[in-house]
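Asks: Turn this into a structure:
(2 chains)
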Amino acid sequence: MIRTRFAPSPTGYLHIGSLRTALYAYLFARKHDGKFLLRIEDTDQGRFVEGSLENILESFAWTHVTIDEGVVLENGEIKQKGDKGPYIQSERLEIYQKYIKVLLEKNDAYHCFCSKERLDEMRKQQEENKLATGYDGHCRNLTKEEVDAKLENKESFVIRMKMPKEGVTVIDDMVRGRVEFQNKLIDDQVLIKADGFPTYHFAVVVDDHLMEISHAIRAEEWLASTPKHIVLYNMFGWETPKFAHLSLLINEKKQKLSKRHGDVSVIDYVKKGYLPEAFVNFIAFLGWNPGDDREFFTLEELEKEFDFAKVGKAAAVFNIEKLNWYNKQYIMKMSKEELAKRCESFFQEKSVDVSSFDLAKIVALEQGRANTLFEIVENTSFIFALPEYESSMLVWKKSDKETTKVNLQKTIEFLENITGEWTRENLESSMLTWIKEQGLGNGDVLWPMRVSLSGLQNSPGPLEIAGVLGKEETLTRMRQAVDKI
RNA sequence: GGCGCCAUCGUCUAAUGGUUAGGACAUCAGGUUUUCAUCCUGGUAAUCGGGGUUCGAUUCCCCGUGGCGCUACCA
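Replies: Sure thing, here's the model as predicted:
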């Protein structure tokens, strides 16, 4: 049974790089009819950020990545699902205590009473002498009596793993292949901190084993500490999961994506009006491709086709231009009714009263033009309130003020007497022939009409706008334009 | 400093010893057009450097170079 997990720390928002890692873990599980779990790694009490758990889970809900087991969001409430819980590490402290005893008894771990000051001094010395930094093993061979005495004395301590000093540890990574580390270069990692909480390294091994994780899929930053984890599995006599270390997402400057350079949290992109289907499609393609020229994949299609054999090793630049293109494509493909629904919250955000309008018609004006839902709302605001504009804007580049006025008046007259339904299609067929009959060019009529309806240099076509505004409002705006000129 | 990972157009990538090195985004030029956008046509643009191995290297090996990660009682 394939079981993968995503294990975020509740220290802020869901990072887009984390989303990709989670997405790959999810896709891999789905592809093989496995389970995808979510575990919370909150072993650093000092870094907890209020509300971050909700935020992370809401981001997942937005992408439609579903969590089978662990911490889930149900009707807006955080719940734990599954029989291998709790799935929040701060609720598993007794479990770690139980397992650290096993290691202590096997002499694979030891109490360390070294002070922070001593450790800092040691590191300073090592750096000055250009030596590899790491614990010097000061407490590694304390006798049982010495340890007991110090414990009796209530001295503060941590528990470290007793890393073997010879041999090599080999990782057989699903994306990187065989990677080898010399054991003697690996530090005696702290497993249990002075506050009794486990470190990441200990908790991840115990939990992945207990939760029967078959494939540990995580970011590349963990590659270097993986040998420690493998040694821990061996000490316990547990089977190691398969590992997959994914490359990082970087910015245009080839640096790690960080808050200093642009938006890095999923929620930022939600707010900007990116569609989850476009976002997921784009993110999935940063480091994976189907091996042919296809570019559009739904989540379901990704679940069918995702394969680690096609996952790249190099870091990928998060390129907003391509995201915009994807988003625009998805917006174009969507029905205008659905699009209107997706835009509702953005209209609310702008406190536009849309009650008397057909939103579907309005958002359709921007389909194929706007990159994001936010832009759709921004760019259609002229429908609700005509912006101020200079009368000179009404004059087409190949025309002049006088003829513009005459043409506008003629157009108004024509529109007043138009019969049939006031729709874009009807307007188009009747007006274009009428323009020809008048011996005019399209620009002579359509440019001033468009400006009078939108007040904008750039906008959708005048007949589309007229169709949305209705006959009355269209004529009102055009008469205003005549007065203006 | 030590250890490790990575390296094809500006960007995402395809090509796992034999291709005019392909596609997409971006960009440029032209066309369509009332503006912008869309759409259509075409163009510019890449195998980090040096050694090997081989009849032949983007592809395999070594050495550089560069980027990144780790080197915490953070994850």
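
Asks: Mind jotting down where the helices sit in the stretch 201-350 of chain A?
Replies: Counting by DSSP state H, counting those that start in this stretch, the stretch 201-350 of chain A has these helices, from start to end: A:226-236, A:266-272, A:276-284, A:299-305, A:320-333, A:336-349.

Asks: looking at the ones you listed, which is buried most?
Replies: Greatest average neighbour count among these goes to helix A:276-284 (a mean of 22), per mean count of other C-beta atoms under 10 Å. Any C-beta I mention is one placed from the backbone N, CA and C, and that applies to glycine too.

Asks: Just the residues contacting it, thanks.
Replies: A:16, A:19-20, A:23-24, A:27, A:62-65, A:266, A:269-270, A:295-299, A:302, A:306, A:322-323, A:326-327, A:329-331 (C-beta atoms under 8 Å, 6 or more residues apart in numbering).

Asks: Leaving out sequence neighbours, find the closest residue to the residue in the stretch 301-450 of chain A positioned nearest to RNA strand B.
Replies: With C-beta to the nearest atom of the strand, the shortest gap between the stretch 301-450 of chain A and RNA strand B falls at A:Asn442, namely 2.5 Å. Nearest non-adjacent residue to A:Asn442, counting by C-beta to C-beta, 6 or more residues apart in numbering: A:Ile435, 6.1 Å away.

Asks: The one helix or strand that neighbour maps to and RNA strand B, are they touching?
Replies: Assigned by DSSP states H and E, A:Ile435 falls within helix A:424-437. No. Helix A:424-437 stays clear of RNA strand B (C-beta under 7 Å from any atom of the strand), getting no nearer than 8.3 Å.

Asks: Show me what counts as buried in that helix.
Replies: A:Arg424, A:Leu427, A:Ser430, A:Met431, A:Trp434, A:Ile435 (16 or more other C-beta atoms under 10 Å).

Asks: which residues does the residue nearest to A:Asn442 contact?
Replies: Contacts of A:Ile435 (C-beta under 8 Å, 6+ apart): A:Gly441, A:Asn442, A:Asp444, A:Val445, A:Leu446.

Asks: ok, the fourth one touching A:Thr404?
Replies: The one in question is A:Val445. No. Here A:Val445 does not reach A:Thr404: they are 9.7 Å apart, not a contact under C-beta atoms under 8 Å.

Asks: Next to RNA strand B in this structure, residues from the stretch 51-200 of chain A, please.
Replies: Within the stretch 51-200 of chain A, the positions near RNA strand B by C-beta under 7 Å from any atom of the strand are A:114-116, A:119, A:123, A:130, A:132-135, A:156, A:158, A:176-177, A:179-182, A:185, A:187, A:190, A:193-195, A:197, A:199-200.

Asks: Quick check: helices, which of those residues are part of them?
Replies: A:Lys116, A:Leu119, A:Arg123, A:Tyr200 (DSSP state H).

Asks: Save these as a markdown table, and put in pLDDT too.
Replies: Rendered in a markdown table, the data for those read as follows (pLDDT from 0 to 100):
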| residue | pLDDT |
| --- | --- |
| A:Lys116 | 90 |
| A:Leu119 | 94 |
| A:Arg123 | 90 |
| A:Tyr200 | 98 |
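
Asks: Report the inter-axis angle for the longest helix along chain A versus helix A:424-437.
Replies: For chain A, the longest helix by residue count, based on DSSP H, is helix A:462-484. Helix A:462-484 runs at 60 degrees relative to helix A:424-437, counting by axes from the mean of the first three to the mean of the last three C-alpha atoms, to 10 degrees.

Asks: what comes into contact with helix A:462-484?
Replies: Contacts of helix A:462-484 (C-beta under 8 Å, 6+ apart): A:358, A:361-362, A:364-365, A:383, A:386, A:391, A:394, A:405, A:408-409, A:411-412, A:415-416, A:418, A:422-425, A:427-428, A:431, A:446, A:448-454, A:459.

Asks: Hmm, A:Phe297 is touching A:Phe306, no?
Replies: No. Judged on C-beta under 8 Å, A:Phe297 makes no contact with A:Phe306 at a distance of 9.2 Å.

Asks: hmm, back to that, any idea how far the residue of the stretch 301-450 of chain A closest to RNA strand B lies from A:Glu428?
Replies: A:Asn442 sits 11 Å away from A:Glu428, going by C-beta to C-beta, to the nearest Å.

Asks: again, but for A:Gly312
Replies: Remark: distance between A:Gly312 and A:Glu428 (C-beta to C-beta) = 48 Å.

Asks: go on, A:Leu14?
Replies: Distance from A:Leu14 to A:Glu428, counting by C-beta to C-beta: 46 Å.

Asks: what does A:Glu252 give?
Replies: Distance of A:Glu252 to A:Glu428, given as C-beta to C-beta: 43 Å.

Asks: Give me the domain ranges for chain A.
Replies: Listed by automatic domain parsing, the domain ranges of chain A are A:3-89+A:249-317, A:92-246, A:336-382, A:391-484.

Asks: low pLDDT regions in chain A?
Replies: Within chain A, the stretches with pLDDT under 70 are A:260.

Asks: hmm, try it at 80
Replies: A:130, A:258-262, A:352, A:354 (pLDDT under 80).

Asks: ok, which stretches of the stretch 101-250 of chain A are strands?
Replies: Ranges of strands in the stretch 101-250 of chain A, per DSSP state E, counting those that start in this stretch, are A:109-112, A:158-161, A:168-173, A:177-182, A:190-192, A:215-219, A:242-246, A:249-250.

Asks: Which one of those strands lies nearest to A:Gly85?
Replies: In terms of C-beta to C-beta, the element of the strands of the stretch 101-250 of chain A nearest to A:Gly85 is strand A:215-219, at 18.7 Å.

Asks: outside of the closest one, which residues touch it?
Replies: A:2-5, A:7, A:17-18, A:21, A:24-25, A:28, A:174, A:204, A:208, A:241-246, A:248.

Asks: mind redoing it with 7 Å?
Replies: Applying C-beta atoms under 7 Å, 6 or more residues apart in numbering, the contact partners of strand A:215-219 are A:2, A:4, A:17, A:21, A:24-25, A:28, A:208, A:241-246, A:248.

Asks: Measure how it sits relative to helix A:200-210, angle-wise.
Replies: Using the same axes, to 10 degrees, the direction of strand A:215-219 lies 150 degrees away from that of helix A:200-210.

Asks: Contacts only, for the nearest residue to A:Leu119 once chain neighbours are set aside.
Replies: The shortest distance from A:Leu119 to any non-neighbouring residue, by C-beta to C-beta, 6+ apart, is to A:Tyr135 (7.6 Å). By C-beta under 7 Å, 6+ apart, the contact set of A:Tyr135 is A:Arg160, A:Asp187, A:Asp188.

Asks: By neighbours, which of those residues wins?
Replies: The most crowded member of those, judged by other C-beta atoms under 10 Å, is A:Arg160 (23 neighbours).
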